[in-house]
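Novice: Here's a sequence, model it:
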Amino acid sequence: MTRRRNNEKGIALLVTLLILVLVVALVHEVFRIGAQSAQSGAYGRDSIRCILLAEGGTDAARIALRIDARDNQYDTLDEIWSRSALPISLGDAEVRVTIEDEERKIDLNRIMLPNGNAPDDRRLAVFQRLLDTLGIDRAVADAVVDWLDNDEDPRVGGAESSYYLGLPNPYRAKNDLFDTIGELRLVRGVTDEVFDKLRPFVTVSSSGMVNLNTAPKEVLMSLSAGTDLAGAGAIDAKTADEILQYRKDHPFTTPSQIGNVSPFLRDLYAKTLIRSMVDVRSTYFHVRSSADAGGTVRTVDAIGIRVQNEVQWRFWRIE
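Specialist: Here you go, the predicted model:
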């Protein structure tokens, strides 16, 4: 009950912060808006106002993440930043802000070893398990590796520049890390349907560690993949559900506490390399702040890294 009351206070604080930041942003920019709107007309005026409001929303998200960093040393789905917030109305405008940690996902860039010559077999196995869980052809994993590695030798199910240059709209394999998750659409085998299936579970911006408190069922099931697990068993759907249920009332404050869920998970954590891939804290966050004014909608899509109690933006796009 105490935790629930604290969360309710936290949501109220986030709303208050959002309103304050938005008002300050509007006051600070009011003269600039007037000057630009005189030149650009009503649509331009509303567009500029929406951008300012959306930027104010990202500032509120940053403040919420900074406050959370001071509260505890672990992150869950029941904190200020992770709970759904209602839209904030400011006159005829409305702002909606969502925050999602990227450590709940599998980082595609981490599949490749730092030298770029070969994949990390353990992380590749985890990605392949995710593809199996989602009903996606494992050949996609080979194509992702070929997109990332620094050579032009295609894997069995993959593709290099020789394939992509033969497409109606030709391009070369990147042979480097993904800059955005949208690049995944360029990889052989990643159709719109495949991308939509994968999008909630993969990232290209994270610490590489999966947060046991926020990871969805599909990611938890994928973690127990790798050659060191021969004979140890796997996290099946039932075991993943047990983890989800346990963490609702008992959030993990250390990764080893996953062993409290069952003897199987205790042995899995103690005897396999799964312990090198999991954590209980998140550092990368995806923030989307959308503002709607007079039917004009603009969105700031950003990814930031939280270092101690500060958030530094690594990706920023206005839509």
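Novice: List the contacts of the spatially most central residue of the chain.
Specialist: The residue at the geometric middle of the chain, judged as the C-alpha nearest the mean C-alpha position with Cα atoms, centre = their mean, is residue 102 (2.7 Å). With contacts taken as Cβ atoms under 8 Å, 6 or more residues apart in numbering, residue 102 has the following neighbours: 203, 205, 206, 282, 284, 285, 286, 303. Using the backbone N, CA and C atoms, a C-beta is placed for each residue, glycine as well.
Novice: Strands of the stretch 151-300 of the chain, residue ranges please.
Specialist: Using DSSP state E, counting those that start in this stretch, the strands found in the stretch 151-300 of the chain span residues 202-203, 210-211, 278-279, 284-293, 296-307.
Novice: and of the ones you listed, who's closest to residue 139?
Specialist: Of all those, strand 202-203 sits nearest to residue 139, with 16.1 Å by Cβ to Cβ.
Novice: helices or strands up against the closest one?
Specialist: Helices and strands touching strand 202-203, as assessed by 3 or more Cβ pairs under 8 Å, 6 or more residues apart in numbering; DSSP states H and E, comprise strand 106-107.
Novice: Go through the strand it packs on and list whatever outside residues touch any part of it.
Specialist: Residues outside strand 106-107 that contact it (Cβ under 8 Å, 6+ apart) are 123, 126-127, 130, 201-208, 210, 219, 222.
Novice: which of those residues are buried?
Specialist: Neighbour-count burial (16 or more other Cβ atoms under 10 Å) applied to the contacts of strand 106-107 gives 123, 126-127, 130, 201-208, 210, 219, 222.
Novice: distance of residue 155 from residue 90?
Specialist: Distance from residue 155 to residue 90, counting by Cβ to Cβ, to the nearest Å: 52 Å.
Novice: tell me the average confidence for stretch 281-300?
Specialist: Mean pLDDT, stretch 281-300: 94.
Novice: Which segments of this structure make up each domain?
Specialist: Domain assignment for the chain by automatic domain parsing gives 2-104+282-318, 106-201.
Novice: Okay, buried residues for stretch 89-96 please.
Specialist: The neighbour-count check on stretch 89-96 (16+ other Cβ under 10 Å) flags 90, 93, 94, 95, 96 as buried.
Novice: Please apply the same query to stretch 302-319.
Specialist: Judged by neighbour count using 16+ other Cβ under 10 Å, the buried positions of stretch 302-319 are 302, 303, 304, 305, 306, 311, 315.
Novice: what distance separates the start and the end of that stretch?
Specialist: Distance across stretch 302-319, first residue to last, is 11 Å (Cα to Cα, to the nearest Å).
Novice: hang on, residue 317 is in a strand, isn't it?
Specialist: Yes: assessed with DSSP: H, G, I helix; E, B strand; the rest coil, residue 317 lies in a strand.
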